[in-house]
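Novice: here is my input, please return the structure:
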Amino acid sequence: MDKTDLIYKLVTEGTQYFLSRPRRFGKSLLTTTLRAYFEGRKALFEGLAIEKLETEWKKYPVFHLDFAGTAGTYAVS
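Specialist: Now for the predicted structure:
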């Protein structure tokens, strides 16, 4: 089910959100989708609702923190 129109709404409304979801409920997919959107990767969104909504596809710097490693360490990409 295509919910990319909700991502566009989330980004463009300019308010703050706290995203709390249960385990195995799509948090990683959501953050990966947001990352691709902010990196301006238009080709990934071909045929989806957000393709018709977004007109500029600007590229923004994205910081990705990965806390999945061993305790006390993290990686930044």
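
Novice: what's the average pLDDT for the lengthiest helix in the chain?
Specialist: Longest helix in the chain, counting residues (DSSP state H): helix 27-38. On average, the pLDDT along helix 27-38 is 89.

Novice: for that helix, buried residues please.
Specialist: Neighbour-count burial for helix 27-38 flags 30, 33, 36-37 (criterion: 16 or more other C-beta atoms under 10 Å). For glycine as for every other residue, the C-beta is placed from the backbone atoms N, C-alpha and C.

Novice: let me have those in JSON lines, extended by distance to Ile7.
Specialist: What follows is those, written out as JSON lines (distance: C-beta to C-beta, whole Å):
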{"residue": "Leu30", "distance to Ile7": "8"}
{"residue": "Thr33", "distance to Ile7": "6"}
{"residue": "Ala36", "distance to Ile7": "10"}
{"residue": "Tyr37", "distance to Ile7": "6"}
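
Novice: now the strands: where do they sit in this structure?
Specialist: 65-66, 75-76 (DSSP state E).

Novice: pick out the shakiest of these, pLDDT-wise.
Specialist: Among those, strand 75-76 scores lowest, with a mean of 61.

Novice: which residue is the nearest non-sequential neighbour of the spatially most central residue of the chain?
Specialist: Taking C-alpha atoms, centre = their mean, the centroid of the chain lies closest to Leu34, which sits 1.1 Å from it. In space, Leu34 comes closest to Ile7 once its chain neighbours are excluded; the distance is 6.7 Å by C-beta to C-beta, 6 or more residues apart in numbering.

Novice: ok, the one you found - contacts?
Specialist: 30, 33-34, 37, 50 (C-beta atoms under 8 Å, 6 or more residues apart in numbering).
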